[in-house]
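S.K.: Sequence plus predicted model, see below.
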Amino acid sequence: MDTELAEVRALQAEIAALRRACEDQPAPWEEKSGVQKSFQAIQQFSSEGWKSSKDLKSQLGHLESELSFLSTLTGINIRNYSKQTEDLTGTEMTEKSIRKVLQRHRLSGNCHMVTFQLEFQILEIQNKERLSSAVTDLNIIMEPTECSELSEFVSRAEERKDLFMFFRSLHFFVEWFEYRKRTFEHFKI
Amino acid sequence: TAGILAPGLGVLAHLERLETQMSKSCKQSEEPQSVQAQEGALGTKIHKLRRLRDELRAAVRHRQASVKASIANVEPNLAVEMSEQEVLEEKLENVKAVLQAYRFTGLSGKLTSRGVCVCISTAFEGTLLDSYFVDLVIQKPLQIHHHSVPVFIPLEEIAAKYLQTNIQHFLFSLCEYLNAYSGRKYQADRLQSDFAALLTGPLQRNPLCNLLSFTYKLDPGGQSFPFCARLLYKDLTATLPTDVTVTYQGVEPLSTSWEEQRASHETLFCTKPLHQVFASFARKGEKLDMSLVS
């Protein structure tokens, strides 16, 4: 009940702030002169608290180098990721202090010339003693599709719902494939 | 521009309607109610507040779009700057999200002022387990500043082999050891928590969870003597044992059928995760009970 009351208060505060943002809008635009319009726009721009471009650019630069490091380290290049959360806690569960949350994840990227798209679900159950997290569904789409070794470990990973095994195997397989390619290239006349 | 205004007015009117609805339900909730009814009313209230908030957010975004459109007519440069800002913000959100996603590969991390802090996630089949970190200082020689790796994992050995020549190999190897340890620990924990009824004594285990010893009975209430199992995992990067012995604790020699069972259990423990073997024992036990009843 406490978390709910806290949420109510947070929502009410956000609603009040949003209403103020709406009310700050000036009257119909067409009646004002061009100069007045731009003054108001600039006021809005700064009052909205939009961060300066410089801050954003340096933050972005730092995070992009972090990304580049992880991509090199894991051999995996993740390009897109999104997540949705659904609270499955029923009122009975709340009474017993049990919380159930279903997460839906979607990510895509590539490992050298192999591209992948993953959709998976994680079910989180929190009770008084511990938090358990388990992958309840895993779907993997890969390009190219003709490679039998690839499809083999993909279906094994899907069956066992083993995310880590999928990424490790993908990395090693592609490295080995690249190595083999280079070795054959080396012996071509 | 008139087209931009009209929907704006419509949104305001809609919001006013929502707000009157809200204040009505507020009045209703002021009457005394049971705790359950209060919680139900609270849930509904939250739902309605969320809707109102989402509508307001959409209205603000809509107005921002109108502002931009108007500015573009008068101050095209300012409009371009604002668009660049939004593009940057969107890029930033995307990069932050992708960084979060790396934990699903098993390896993620953050750049630090000294170097990098790598986070190793572990899992056993579908179940996500503990994470460990290794804080590396980028200098010659590369050093581990601090870490959360358990003391019985041969970290120094692995570091001595690979850290200076190949960070990737060092981390992958450490990943293997940690995932295997996590997986063995998980199986032992599940055995203790889910199948205590089939154990006839406490489960004995070492911190590395690579030496397990326990006694069990397929029919807990029955007359037979328990089996004693000893599981040794010589390969620390594996989650299945390398050496299994199942012995019988009785005085008389085993009948052929029991001997066959004993041998089959040895094979089972070598090929399937521990808690899954016990799950199959429990299922067989249920079948046995059913046959007694009918």
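M.R.: Everything's here; your move.

S.K.: Only C-alpha atoms from now on, for both contacts and neighbour counts.
M.R.: Noted.

S.K.: Okay, now the unreliable bits of chain A?
M.R.: Within chain A, the ranges that satisfy pLDDT under 70 run A:1, A:24-53, A:189.

S.K.: Of all residues in it, which one is closest to chain B?
M.R.: Residue nearest to chain B within chain A: A:Ala134 (4.3 Å; Cα to the nearest Cα).

S.K.: Chain A contacts on the stretch 151-294 of chain B?
M.R.: B:Gln168 (Cα under 8 Å from any Cα of the partner chain).

S.K.: 10 Å - rerun?
M.R.: B:Ile167, B:Gln168, B:His169, B:Leu171, B:Phe172, B:Asn179 (Cα under 10 Å from any Cα of the partner chain).

S.K.: Let's see if you can find the most crowded of those.
M.R.: B:Asn179 (26 neighbours; other Cα atoms under 10 Å in any protein chain shown).

S.K.: pretty sure it contacts B:Leu171?
M.R.: No - B:Asn179 is not in contact with B:Leu171 according to Cα atoms under 10 Å; the separation is 11.8 Å.

S.K.: Now for these two: what residues contact both?
M.R.: Jointly contacting B:Asn179 and B:Leu171 under the rule Cα atoms under 10 Å, 6 or more residues apart in numbering or on different chains are B:Ile120.

S.K.: Which positions in the helix or strand harbouring A:Arg168 come out as buried?
M.R.: Using DSSP states H and E, A:Arg168 maps to helix A:163-187. Buried positions in helix A:163-187, judged by neighbour count with 16 or more other Cα atoms under 10 Å in any protein chain shown: A:Leu163, A:Phe164, A:Met165, A:Phe166, A:Phe167, A:Arg168, A:Leu170, A:His171, A:Phe173, A:Val174.

S.K.: does any part of it sit near chain B?
M.R.: Yes - Helix A:163-187 reaches chain B (Cα under 10 Å from any Cα) through A:Leu163, A:Phe164, A:Met165, A:Phe166, A:Phe167, A:Arg168.

S.K.: Give me the distance between that helix and the centre of its chain.
M.R.: How far helix A:163-187 lies from its chain's middle: 27 Å, per Cα atoms, centre = their mean, to the nearest Å.

S.K.: since we're on A:Ser58, how many residues are nearby?
M.R.: 11.

S.K.: Now do the same contact list for it.
M.R.: By Cα under 10 Å, 6+ apart, A:Ser58 lies in contact with A:Glu64.

S.K.: hang on, the earlier thing: looking at it, the residue of chain A closest to chain B is touching A:Lys100, isn't it?
M.R.: No - counting by Cα under 10 Å, A:Ala134 sits too far from A:Lys100 to count as a contact (11.6 Å).

S.K.: Now the common contact residues for those two.
M.R.: By Cα under 10 Å, 6+ apart, A:Ala134 and A:Lys100 have these common neighbours: A:Leu123, A:Glu124, A:Ile125.

S.K.: What about the last one, how many residues nearby?
M.R.: For A:Ile125, the neighbour count with other Cα under 10 Å is 17.

S.K.: hang on, it in a strand?
M.R.: Yes - according to DSSP: H, G, I helix; E, B strand; the rest coil, A:Ile125 belongs to a strand.

S.K.: who's it bridged to?
M.R.: A:Lys100, A:Ser132 (DSSP bridges).

S.K.: How are the strands of chain A distributed by residue range?
M.R.: Here chain A has its strands, by DSSP state E, at A:77-87, A:99-111, A:114-126, A:131-143.

S.K.: my bad, chain B
M.R.: Under DSSP E, chain B gives strands at B:107-111, B:115-124, B:127-137, B:143-147, B:204-205, B:211-216, B:227-232, B:243-248.

S.K.: need those in JSON lines with mean pLDDT, mean neighbour count and distance to A:Gly75, can you?
M.R.: Shown next, in JSON lines, are those (pLDDT from 0 to 100; neighbours: other Cα atoms under 10 Å in any protein chain shown; distance: least, Cα to Cα, whole Å):
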{"stretch": "strand B:107-111", "mean pLDDT": "93", "mean neighbour count": "21", "distance to A:Gly75": "11"}
{"stretch": "strand B:115-124", "mean pLDDT": "95", "mean neighbour count": "22", "distance to A:Gly75": "15"}
{"stretch": "strand B:127-137", "mean pLDDT": "96", "mean neighbour count": "18", "distance to A:Gly75": "19"}
{"stretch": "strand B:143-147", "mean pLDDT": "94", "mean neighbour count": "14", "distance to A:Gly75": "22"}
{"stretch": "strand B:204-205", "mean pLDDT": "96", "mean neighbour count": "14", "distance to A:Gly75": "37"}
{"stretch": "strand B:211-216", "mean pLDDT": "96", "mean neighbour count": "19", "distance to A:Gly75": "35"}
{"stretch": "strand B:227-232", "mean pLDDT": "96", "mean neighbour count": "19", "distance to A:Gly75": "34"}
{"stretch": "strand B:243-248", "mean pLDDT": "94", "mean neighbour count": "18", "distance to A:Gly75": "35"}
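
S.K.: Now distance to B:Ser280 too, for those, in JSON lines please.
M.R.: Output for those, formatted as JSON lines (distance: least, Cα to Cα, whole Å):
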{"stretch": "strand B:107-111", "distance to B:Ser280": "34"}
{"stretch": "strand B:115-124", "distance to B:Ser280": "19"}
{"stretch": "strand B:127-137", "distance to B:Ser280": "19"}
{"stretch": "strand B:143-147", "distance to B:Ser280": "39"}
{"stretch": "strand B:204-205", "distance to B:Ser280": "22"}
{"stretch": "strand B:211-216", "distance to B:Ser280": "14"}
{"stretch": "strand B:227-232", "distance to B:Ser280": "16"}
{"stretch": "strand B:243-248", "distance to B:Ser280": "17"}
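
S.K.: of all the ones you listed, which lies closest to A:Asp2?
M.R.: Nearest of these to A:Asp2, taken as Cα to Cα: strand B:127-137 at 29.0 Å.
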